[in-house]
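Enquirer: Sequence unavailable; structure follows:
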């Protein structure tokens, strides 16, 4: 149980284009999902907290107009990187929090490369 | 400010050589302490949640313990497949200044290598 999927697992795009990443909780409902990015050999950096049916809460320094988050259902949250630039290249990971015991389970991550 | 410090940064063990990883934390009311394992290029895999001092949990060769200031992840007779980065995270029960209630604060991790 407690499986989280992400799609795509990797994506390469041209500078200026937008990329959407999906995060799904497969066998449980999650009112709260989280989006992280991770640079090589560094720990996870929280970008935003996504709450079902309401606006996401962004961490300090994260541009909400650049990283659009939508959490339309209890099993799906999406992150759209708008007008991507090479500096947005990173490993993006989502997590979903169970309602039953507050534990967070992570997806496998999405490797974004912007050329 | 809520903080999590893991040590050592890297640890090399011979197969069968038991050891412990440390996670020290400062948090405004601990709601939970989490241990994850992360392999290169993958998302963190959930291992344990500890909620109160004195609590212990075990899974195969791993055992996690918790005090009021730190947690230990004990690895008994490790095997090469235990090689990974082990991440510790805490969740506060009180909202810190400018932070999101319920968020996890991660340490930098301990990179464990077990060689045959």
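Expert: Nice, I can see it. Since we're looking at a predicted model, the values are computed, not measured.

Enquirer: So residue B:81 belongs to a helix, correct?
Expert: Yes - assessed with DSSP: H, G, I helix; E, B strand; the rest coil, residue B:81 lies in a helix.

Enquirer: which element is the nearest residue to it once chain neighbours are set aside on?
Expert: Distances taken as Cβ to Cβ, 6 or more residues apart in numbering or on different chains place residue B:114 nearest to residue B:81, at 7.9 Å, with adjacent residues excluded. In short, each C-beta sits where N, CA and C put it, glycine included. Using DSSP states H and E, residue B:114 maps to strand B:110-115.

Enquirer: what residues does that strand touch?
Expert: Applying Cβ atoms under 8 Å, 6 or more residues apart in numbering or on different chains, the set of residues contacting strand B:110-115 from outside is B:6-15, B:21, B:75, B:78-86.

Enquirer: try it again with 10 Å
Expert: Residues from elsewhere that reach strand B:110-115, judged by Cβ atoms under 10 Å, 6 or more residues apart in numbering or on different chains: A:41, B:6-17, B:19-23, B:37-38, B:40, B:73, B:75, B:77-88.

Enquirer: Quick check: PyMOL command selecting the buried ones in those residues.
Expert: Buried residues among the contacts of strand B:110-115 (16 or more other Cβ atoms under 10 Å in any protein chain shown), as a PyMOL selection:
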select buried, chain B and resi 6+11+13+21+23+37+38+73+75+78+82+83+84+85+86+87+88
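
Enquirer: quick one: which of the contacts of strand B:110-115 sit in strands?
Expert: Using DSSP state E, B:6-7, B:10-14, B:19-23, B:37-38, B:73, B:75, B:84-88 are the members of these that sit in strands.

Enquirer: out of the residues you listed, which touch chain A?
Expert: Near chain A, judged by Cβ under 10 Å from any Cβ of the partner chain, the entries from the ones in strands among the contacts of strand B:110-115 are B:6, B:38, B:85, B:87, B:88.

Enquirer: Of those residues, just say which sits nearest to residue A:27.
Expert: Using Cβ to Cβ, residue B:38 comes nearest to residue A:27 of those, at 21.4 Å.
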